[in-house]
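Peer 1: sequence isn't available, so here's the structure alone:
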């Protein structure tokens, strides 16, 4: 995976709540046997002249601003792949007292695929929505800040997720950091473990 440290790009605002994975990538497209070709299928059933991502100001955007509970529904990595392959490096959602910005499964899939998810409280999120599609945002993962319209907004992120994104590591890559320790343990562990147990 490509490491993520900083990114500057235009935002696309899709300020809707409870966008499920079937709207992100319809189920009929999940039968493809490759991990590529999903970018053009992002929000396929919603696209059209009135859809926010089809507006001229959203073209070429690389930061997606959404509402709350984004990525709910079924667990499909394809939703993350579609977002990434459509050119987005980060998604920024709104957190409320009643709802997190993302569903738990979508959050884990995004972390494992290298897509940065940022959650902001309603007041901070509103500043990005007000800036509108086409506004430039600068994201600094190291400092945990988003800058837009001359204003800097801090965000929280779990330490393990931050380190994995900074290093460009998925779950396997994170495990392989410990490869020598694992090998040393296997050599030192002389207990008999029956096969097929």
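Peer 2: Received, thanks. Owing to the predicted nature of the structure, the values given are computational and were not obtained by experimental measurement. Numbers count the residues shown, from 1 in each chain.
Peer 1: and the gap between residue 23 and residue 74?
Peer 2: 11 Å (Cβ to Cβ, to the nearest Å). Every residue, glycine included, has its C-beta placed from N, CA and C.
Peer 1: tell me which of these two has more neighbours.
Peer 2: Ranked by neighbour count (other Cβ atoms under 10 Å), residue 23 and residue 74 place residue 23 first, with 18 against 15.
Peer 1: which elements pack onto the longest strand seen in the chain?
Peer 2: Counting by DSSP state E, the longest strand found in the chain is strand 6-14. Applying 3 or more Cβ pairs under 8 Å, 6 or more residues apart in numbering; DSSP states H and E, one finds that strand 6-14 contacts strand 63-66, helix 122-131, strand 136-140.
Peer 1: report all helices and strands that the helix or strand following it contacts.
Peer 2: Following strand 6-14 in sequence order, the next helix or strand is helix 21-24 (DSSP states H and E). If contacts are counted by 3+ Cβ pairs under 8 Å, 6+ apart, helix 21-24 sits against helix 77-85.
Peer 1: please state the offset of the helix it packs on from the chain centre?
Peer 2: 9 Å (Cα atoms, centre = their mean, to the nearest Å).
Peer 1: list the helices and strands that helix packs on?
Peer 2: Using 3+ Cβ pairs under 8 Å, 6+ apart: helix 77-85 touches helix 21-24, helix 104-113.
Peer 1: reformat these as CSV; add mean pLDDT and distance to residue 82.
Peer 2: Below are those laid out as CSV (pLDDT from 0 to 100; distance: least, Cβ to Cβ, whole Å):
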stretch, mean pLDDT, distance to residue 82
helix 21-24, 96, 6
helix 104-113, 93, 11
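Peer 1: so for residue 169, which of those helices sits nearest?
Peer 2: helix 104-113 (9.4 Å; Cβ to Cβ).
Peer 1: give me the contacts around the closest one.
Peer 2: 1, 21, 70-72, 75-77, 79-81, 84, 91, 102, 116-117, 161, 164-165, 170-171 (Cβ atoms under 8 Å, 6 or more residues apart in numbering).
Peer 1: what angle separates that helix from helix 77-85?
Peer 2: 50 degrees (axes from the mean of the first three to the mean of the last three Cα atoms, to 10 degrees).
Peer 1: buried stuff in helix 104-113?
Peer 2: 105-113 (16 or more other Cβ atoms under 10 Å).
Peer 1: swap in stretch 71-90?
Peer 2: By 16+ other Cβ under 10 Å, the buried positions in stretch 71-90 come out as 71-73, 76-90.
Peer 1: what do you get for stretch 49-66?
Peer 2: Applying 16+ other Cβ under 10 Å to stretch 49-66 flags 52-53, 55, 58, 61-66 as buried.
Peer 1: what about it, average pLDDT?
Peer 2: Averaging pLDDT along stretch 49-66 yields 97.
Peer 1: residue ranges with poor pLDDT in the chain?
Peer 2: 171-179, 196-197 (pLDDT under 70).
Peer 1: quick check, nearest of the buried residues of helix 104-113 to residue 45?
Peer 2: Checking these against residue 45 by Cβ to Cβ gives residue 106 as the nearest, at 18.3 Å.
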